[in-house]
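Asker: Kindly return the folded structure for what I paste below:
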Amino acid sequence: MPVPSLKAQFAALIAAPSVSCTQPQWDLSNWAVIELLAGWLGDLGFACELQEITPGKFNLLASYGSGPGGLVLAGHSDTVPFDAALWQTDPLKLTEVDGRWVGLGSCDMKGFFALVIEAVRPLLEQPFQQPLLILATCDEESSMSGARALAAAGRPLGRAAVIGEPTGLKPVRLHKGVMMERLDILGRSGHSSDPGLGHSALEAMHACIGELMSLRAQWQREFRNPQFGVPQPTLNLGCIHGGDNPNRICGQCALEFDLRPLPGMDPEWLRGAIRERLLPLAERHQVQIDFAPLFPCVPPFEQVADAELVRLAERLTGHTAGAVAFGTEAPYLQQLGCETLVLGPGDIACAHQPGEYLDMDRLQPTVTLLRELIQHYCLRPAA
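Answerer: Model (predicted):
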């Protein structure tokens with residue numbers, strides 16, 4: 001069965017729901033997307049290997065050619081949840097609007113796979129000196145379980161890896177880490193008329209927030225990287241819940257916060273510093289403080305500036321490799337020995353938004369760029 005056209009692939013991928021979410025009512029399997037990709041790539045002669053990470057969640061590793069080295073073109077098969085009422089078009093239908101392809105996953109980032117297939121198709125009659133691997137992972141938008149499983153397995157992939165996240169076709173060699181943490185404070189409730197009847201979890205949380213803000217200020221004085229638009233690490237107090245009535249001493253309070261460390265800042269060291277600040281507060285306020293991550297952290301990522309892949313991407317795109325604040329699967333591929341870069345056609349500003357789109361004038365430049373990368377890493381003998 002012939003592989004569909006580029007636009008038909010885009011449309012089919014967008015029409016295949018693959019939301020991943022920490023909320024079970026939104027979370028879906030990604031099997032429909034993996035099945036499409038495995039079918040198309042198998043028809044083109046790729047050897048397709050499927051790995052079920054958790055029930056209904058799959059990674060796909062498709063390879064053409066064999067041996068060490070080669071190139072990995074990687075992306076995630078899932079999307080964020082969506083509210084159809086906020087879209088001007090059907091989010092699961094590819095729609096052309098003002099020179100853009102609109103649809104959930106067009107930019108971030110199922111559409112990237114269709115562009116990879118378009119790039120490689122005319123090259124398949126040539127002998128591949130090194131392999132091309134196409135990697136589609138699950139649950140990047142929630143737990144990153146697909147990429148984590150690959151890293152944990154430790155199986156080497158290729159010499160270089162390009163992740164097609166939305167960067168506006170500008171190479172990215174650094175990004176911040178992503179830590180999402182939670183504080184739970186258990187005090188003792190009591191009648192508000194007598195503070196001695198209880199231990200306020202809310203007042204203890206006030207003190208904890210003060211310590212977190214003090215640490216944030218300290219880290220922002222000590223750590224800075226001017227390559228980032230926001231050059232310091234950030235700590236965002238995202239949501240807080242506690243208490244139930246004005247006339248009761250607050251017995252329980254919870255805070256969730258987001259910490260974005262720079263490359264070189266170790267997440268476990270950061271957590272240790274937070275625990276050290278919180279420990280005396282529990283004793284002072286006579287409460288129990290539990291501090292734990294909501295999810296395993298995404299480590300900060302940095303690929304050295306003089307890496308072959310970085311130099312090649314800079315030459316092909318005409319842009320110096322830069323930095324972004326959002327997290328990706330790059331550190332996990334880097335752990336497997338790949339020189340790694342984030343480089344894709346979409347714009348992060350429209351990702352996770354109603355009306356997500358990919359500009360059609362990015363299609364051919366992306367295909368050309370991917371074809372040049374494949375030729376460099378796969379059609380020429382290893383240096």
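Asker: per-domain residue ranges of the chain.
Answerer: 6-175+298-379, 179-293 (automatic domain parsing).
Asker: In CSV, list those domains along with mean pLDDT and mean neighbour count.
Answerer: Every C-beta, even on glycine, is put in place using the N, C-alpha and C of the backbone. Below are the domains of the chain laid out as CSV (pLDDT from 0 to 100; neighbours: other CB atoms under 10 Å):
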stretch, mean pLDDT, mean neighbour count
domain 6-175+298-379, 97, 20
domain 179-293, 97, 16
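Asker: show me what contacts L132?
Answerer: S63, Y64, G65, G70, L71, L73, V120, I374, Y377, C378 (CB atoms under 8 Å, 6 or more residues apart in numbering).
Asker: give me phi/psi at it?
Answerer: phi -110, psi 130 (degrees, to the nearest 10).
Asker: same thing with Y357?
Answerer: Torsion angles, degrees, to the nearest 10, at Y357: phi -150, psi 160.
Asker: Test my guess that it contacts C107.
Answerer: Yes - the pair Y357 / C107 is scored as a contact, 6.2 Å apart, by CB atoms under 8 Å.
Asker: quick one: common contacting residues for the two?
Answerer: Joint contacts of Y357 and C107 (CB under 8 Å, 6+ apart) are C350.
Asker: tell me the helices in the protein, going along the chain?
Answerer: Secondary structure of the chain (DSSP state H): helices located at 6-15, 31-43, 111-120, 145-153, 201-222, 267-285, 308-317, 330-335, 363-374.
Asker: Could you export these as CSV, including distance to L341?
Answerer: Shown next, in CSV, are these (distance: least, CB to CB, whole Å):
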stretch, distance to L341
helix 6-15, 23
helix 31-43, 22
helix 111-120, 14
helix 145-153, 15
helix 201-222, 27
helix 267-285, 22
helix 308-317, 5
helix 330-335, 8
helix 363-374, 10
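Asker: A160: which of those helices is closest?
Answerer: A160 lies closest, by CB to CB, to one member of those: helix 308-317, at 4.4 Å.
Asker: For the closest one, which outside residues touch it?
Answerer: In contact with helix 308-317 (CB under 8 Å, 6+ apart) are residues 160, 162, 169-171, 173, 303-304, 320-321, 339-341, 343, 369, 372-373, 376.
Asker: Can you list which of the residues you listed are found in strands?
Answerer: A160, V162, R173, E339, T340, L341 (DSSP state E).
Asker: Pretty sure the first one sits against C338.
Answerer: Yes - the pair A160 and C338 passes the contact test of CB under 8 Å, sitting 6.0 Å apart.
Asker: what sits in contact with each of these two?
Answerer: Common neighbours of A160 and C338 (CB under 8 Å, 6+ apart) are V72.
Asker: middle-most residue in this protein, spatially?
Answerer: T328 (3.4 Å; CA atoms, centre = their mean).
Asker: roughly how far apart are that residue and A62?
Answerer: 20 Å (CB to CB, to the nearest Å).
Asker: just G187 next, same as before
Answerer: Taking CB to CB, one finds G187 at 54 Å from A62.
Asker: Let me see the contact set for D90.
Answerer: A84.
Asker: cool, and the one 3 residues further on?
Answerer: Taking CB under 8 Å, 6+ apart as the definition of contact, the neighbours of K93 are A11, I14, A15, G103.
Asker: Touching stretch 116-125 from outside, list them.
Answerer: Applying CB under 8 Å, 6+ apart, the set of residues contacting stretch 116-125 is 3, 6, 9, 40-41, 44-45, 64, 73, 132, 134, 164, 366-368, 370-371, 374-375, 378-379.
Asker: before we move on, the earlier item: so the residue nearest to the centre of the chain touches G164, yeah?
Answerer: No - the pair T328 / G164 is not scored as a contact, 10.0 Å apart, by CB under 8 Å.
Asker: Make sure L94 is actually in contact with A16.
Answerer: No - between L94 and A16 there is no contact under CB under 8 Å: 11.5 Å.
Asker: Leaving out sequence neighbours, find the closest residue to L28.
Answerer: V19 (4.7 Å; CB to CB, 6 or more residues apart in numbering).
Asker: actually N247, not the one I typed
Answerer: Using CB to CB, 6+ apart, the closest residue to N247 is S192 (4.6 Å).
Asker: wait, what's in contact with that neighbour?
Answerer: P246, N247, R248, I249.
Asker: and which of the ones in strands among the contacts of helix 308-317 is nearest L28?
Answerer: Nearest member of those to L28, counting by CB to CB, is V162, at 26.8 Å.
Asker: Quick check: the closest one vs P122, distance?
Answerer: Taking CB to CB, one finds V162 at 19 Å from P122.
Asker: One more: G177?
Answerer: Taking CB to CB, one finds G177 at 39 Å from P122.
Asker: quick one on the thing from earlier: quick one: which of the helices of the chain is nearest F295?
Answerer: Proximity of these to F295 was assessed by CB to CB; the nearest stretch is helix 145-153, lying at 9.7 Å.
Asker: Measure how far that closest one is from the centre of its chain, please.
Answerer: Centre-to-centre, helix 145-153 and its host chain are 13 Å apart (CA atoms, centre = their mean, to the nearest Å).
Asker: and if you look at stretch 160-173?
Answerer: 12 Å.
Asker: First-to-last residue distance for it?
Answerer: Stretch 160-173 has an end-to-end distance of 13 Å (criterion: CA to CA, to the nearest Å).
Asker: And stretch 36-52, by the same measure?
Answerer: Start-to-end, stretch 36-52 (CA to CA) is 16 Å.
Asker: hmm, who's touching that stretch?
Answerer: Against stretch 36-52 from outside (CB under 8 Å, 6+ apart): 1-4, 9, 12-13, 16, 34, 58-64, 77, 113, 117, 120-121, 124, 134, 136, 149.
Asker: Next up, the contacts around G322.
Answerer: K170, P171, V172, R173, L174, Q227.
Asker: Skipping its backbone neighbours, what lies nearest the last one in space?
Answerer: If you skip the residues right next to it in sequence, Q227 has A323 as its closest partner in space, 4.3 Å away by CB to CB, 6+ apart.
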